[in-house]
Each structure stands twice: as structure tokens, then as C-alpha cells.
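Novice: What follows is a predicted structure for the sequence shown.
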Amino acid sequence: MNRIIKLITDFEIRFTLSLRINKNTVSVMSIIPGNETQYHRFPKGNSKEDLIERQLFLKKLTNIDFETSENPDPARLKGIIENQIGHMSVPMGMAGPMYLEGDYTKGLFYVPLCTVEGTLVASMNRGMHATYKCGGIQTTHIQQRMTRSPFFILEHVRQQKQLINWVKDHYTEIKTCAESTTQYGKLIEIEKHVLNKNLVLDFAFDTANAAGQNMVSKATFAACEMIREQTGIDFVLDSNFSSDKKASAITNLKGRGHYVVAQASLSHYVIEKILGTNVEEINKLMEFGAYASSAAGNNGIQLHLSNALAAIYMATGQDVACVAENAIGYTQTKITEEGMDFLLTMPSISVGTVGGGTRLPQQQKNLQLLGCTDQENSAKQLAEIICASALCLEISLIAAIVSEKWVNAHMKHGRNHS
């Protein structure tokens with residue numbers, strides 16, 4: 001207990017914490033890092049005492065109790081699961097602190113992760129530590145765009161232009177009809193794609209704090225029914241063009257869900273002392289890796305975004321199957337005079353802070369820890385945190401590969417030697 005009190009005291013002395021409190025949400029905000037500032041991360045170790053110390057550390061810092069996680073009443077799981085037979089426990093860890101400045105997010109964050117892959121939490125933690133030492137991570141939220149793409153079945157190719165023009169002329173009516181089915185969803189645009197005799201209408205929505213797959217399906221169906229009633233042309237609700245839960249070129253190009261870009265600039269000193277390598281070695285991998293990714297037919301250029309996504313999605317109650325479409329993006333490095341810039345573009349992050357598994361007790365606590373409950377723009381905040389966390393994991397793995405510590409780290413820390 002004395003050790004944890006000292007940890008908290010030292011932490012509070014070194015930083016000025018500004019707490020933003022919204023209903024039951026408490027998040028740590030506005031921490032200004034220095035390049036050489038020392039700070040305390042979680043107590044290490046695998047003993048029960050170490051676990052208790054980490055829980056006390058978080059409770060003191062955030063006022064959120066992680067000590068117990070009760071299984072909810074089965075009645076509360078309606079809409080989440082059918083034929084329930086119980087609960088399966090998945091280990092949960094925490095990485096951080098990570099300093100982040102974005103369009104909707106600013107401050108110091110501890111990121112909850114659920115995984116059974118040893119070294120994943122430690123690796124992300126190392127990336128966060130390295131970026132923190134150099135001023136943190138900057139993110140920008142480009143757009144939020146959830147899609148559903150029905151197709152209309154035409155009798156003749158000349159009908160295509162007629163229907164395209166009809167949709168253009170009646171866009172306001174279509175928008176009103178679609179938005180009448182949802183309190184928060186807003187129709188952004190309808191793209192038209194001609195495929196032989198059929199016409200795909202790609203409906204794109206802003207879904208506010210919801211991930212929005214069900215929302216856009218309901219809204220699109222209502223709009224398509226109206227089009228069918230007024231034109232007599234039949235439709236099928238989803239053509240597979242929207243690539244729901246599938247990686248695709250259109251998602252890479254246009255984005256689906258939240259589109260976020262993250263950047264961190266690391267110094268030569270941090271790359272050498274914390275990551276154990278140098279910019280020249282990193283450049284060898286990143287320069288050839290782009291060609292190798294292309295030769296293999298990879299969708300995007302990145303190492304393992306799915307690792308960060310799956311771990312955070314499970315911890316925060318997201319639809320984990322969305323990792324299939326979200327784990328695309330571009331990791332890029334550039335040598336600078338001071339060291340190296342690391343950038344990550346993620347065009348598809350399908351997450352929400354309301355609905356689905358976000359209402360489960362532990363997942364709700366984790367969202368509170370991140371300051372991402374149902375306040376304005378909380379889903380955008382969560383998307384920025386996810387992109388920044390994924391960048392930290394990319395940085396750490398890049399360094400591990402080129403420093404030849406990758407295999408040894410898994411052998412040493414990713415297995416039970418006891």
C-alpha cells in the first residue's frame with residue numbers, strides 16, 4: 001500500500017491534472033509532456049498484489065473501480081446475444097499513458113486491451129512510452145461515413161440514366177424519408193454506380209455516436225421502399241458493394257466508419273534508447289516493405305492493425321467482426337533531421353459509444369476510463385484514440401523486427417515459463 005501511495009503522490013507532483021467530469025465520466029486531460037520527463041506507468045508483475053496495485057492506481061487516478069466485474073442480468077443482454085449459456089472471461093490489460101492531441105481528443109490516456117497474445121500490451125506500451133517522450137501523438141478526424149449499398153434491378157440499360165436523374169431530382173425527399181427512421185443519423189450523400197443493367201445506390205450516413213450498421217440499414221430500406229413505390233423499380237437492400245465486414249479497395253479509398261490519420265515524430269535519442277534501433281534500419285524495412293506488400297496483394301501497407309483493433313474492440317464493446325474491414329491502412333515513415341516521423345492512415349474505424357456491447361458493465365467502465373461515454377463527439381474521440389494506439393503498436397513492432405528482438409521478445413514474454 002505504501003508503494004502505491006508513493007506512486008500516486010509522485011505522479012501528482014510531476015503533472016497538473018485537469019479532470020473533465022461529465023455525468024459518470026471522468027477522464028484525465030491536458031497533460032503537457034516534456035521530452036525527458038519521468039513518469040510512473042503501471043506496477044509490473046503477475047502476482048495478485050501487483051494486480052491490486054494496478055487497480056488502486058487507476059481508481060486513484062480516474063475514480064473508476066476496476067476491482068470487480070459482475071456479470072449482468074441475462075435480461076439486460078437482449079439485443080446482444082441469443083441462446084446465452086454463460087460468460088467467458090478474457091484477460092484485460094492496460095497500456096499507457098499515451099499523450100494525444102486531436103480534433104476531438106486531448107490529454108493523457110490509459111487504453112484497455114483484451115487479448116490472449118502475450119507481448120501485445122507490452123509492445124503497445126513501449127510505443128506509447130516512446131511517443132510520449134517526444135511530445136505525444138497528433139491525430140485528425142477526416143470524416144464519419146457509414147454506408148449501405150442496395151441495388152435496383154433494371155430491365156434495360158437505358159433505364160439507368162432515368163433512375164440516376166430521378167434520384168438526383170428527388171434527393172431531398174429521399175433524405176427526409178431516410179432520416180425519419182433515426183433520431184441521430186444524417187444522410188450525407190448517395191453515390192451512383194452502374195454495373196451492367198443494375199444500379200447501385202451507395203447511401204452514406206453520419207451516425208453520430210453509434211457505429212451505425214443497423215441504423216443505416218433501417219434508414220436505407222425506408223428510402224428504397226419510397227423509391228420503389230414511386231418508380232416501380234425493385235431493389236435488394238445490400239449489393240455487397242458497401243463491403244460490410246470485408247476489406248475492400250472502395251473502403252480503402254472512400255472510408256467507412258471513422259477516417260483518422262495519426263502522426264508522431266520521434267527523436268534519434270528515443271529511437272535508439274527506447275526502441276533499440278536507428279532510422280537507417282527502420283528505413284530499410286519500410287522502403288522495401290511497401291513493395292513486398294504490393295507484391296503479396298495486401299490491402300494497404302501496414303504490419304498488424306488487426307491486433308490493436310481486436311484488443312480495443314473487445315475491451316470497449318465493439319463489434320469485433322468489423323476488424324475484417326477496419327484492419328486496412330497505411331503506415332509510413334520519413335527520416336527527418338531530428339529523427340523520424342511515423343504516420344498512420346486508417347480510413348475505416350467502425351466504432352460507437354452507444355448501443356450493442358458498449359452497455360455491458362465492464363465495457364462501459366472502459367469507455368468511462370477513455371472519456372468516451374455518450375457525450376457529443378465521443379465516438380470521434382474513441383476513433384482518434386484507437387488510431388493513435390494502433391500507431392504505437394506499429395512503431396513498436398517495426399522496431400522489434402529491425403532490431404532482431406521480435407522473436408526473442410515473444411519467446412521470453414509471450415510464453416509461460418513457470
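Specialist: On my side now, so go ahead. Residues are numbered from 1 along each chain as shown.

Novice: Give the helix, strand or coil label for E53.
Specialist: helix (DSSP: H, G, I helix; E, B strand; the rest coil).

Novice: For the nearest residue to it once chain neighbours are set aside, give its distance to D50.
Specialist: Closest residue in space to E53, ignoring its immediate chain neighbours: P43 at 4.3 Å, by Cβ to Cβ, 6 or more residues apart in numbering. No exception for glycine: its C-beta is placed from N, CA and C like everyone else's. P43 sits 5 Å away from D50, going by Cβ to Cβ, to the nearest Å.

Novice: Do I have it right that N252 meets N326?
Specialist: No: using Cβ atoms under 8 Å, N252 makes no contact with N326, being 11.1 Å away.

Novice: residues shared between the contacts of these two?
Specialist: Residues touching both N252 and N326 (Cβ atoms under 8 Å, 6 or more residues apart in numbering) are S348.

Novice: P43 and D50: who's more crowded?
Specialist: Neighbours were counted for P43 and for D50 using other Cβ atoms under 10 Å; P43 has more, 17 against 13.

Novice: so what secondary structure elements neighbour the helix or strand hosting M286?
Specialist: Using DSSP states H and E, M286 sits within helix 279-296. Here helix 279-296 touches helix 268-273, strand 300-301, strand 329-335, strand 339-349, helix 378-402, going by 3 or more Cβ pairs under 8 Å, 6 or more residues apart in numbering; DSSP states H and E.

Novice: Just the buried positions in the fourth one, please.
Specialist: Within strand 339-349, the residues that qualify as buried are G339, M340, F342, L343, L344, T345, M346, P347, S348, I349, counting by 16 or more other Cβ atoms under 10 Å.

Novice: The third one touches A264, doesn't it?
Specialist: I take that to be F342. Yes: assessed by Cβ under 8 Å, F342 is found in contact with A264 at 4.9 Å.

Novice: Now for these two: what residues contact both?
Specialist: L391, I395.

Novice: ok so, going back, pick out the most distant pair among the buried residues of strand 339-349.
Specialist: The largest separation in the buried residues of strand 339-349, counting by Cβ to Cβ, is between G339 and S348 at 29.5 Å.

Novice: quick one: the residue lying closest to E272 once chain neighbours are set aside from M92, how far?
Specialist: Distances taken as Cβ to Cβ, 6+ apart place N278 nearest to E272, at 5.9 Å, with adjacent residues excluded. With distances taken as Cβ to Cβ, N278 is found 35 Å from M92.

Novice: What's the separation between G255 and V261?
Specialist: 11 Å.

Novice: Now the common contact residues for those two.
Specialist: I142.

Novice: give me the low-pLDDT residue ranges for the chain?
Specialist: Scanning the chain for pLDDT under 70 picks out 1-42, 68-69, 405-418.
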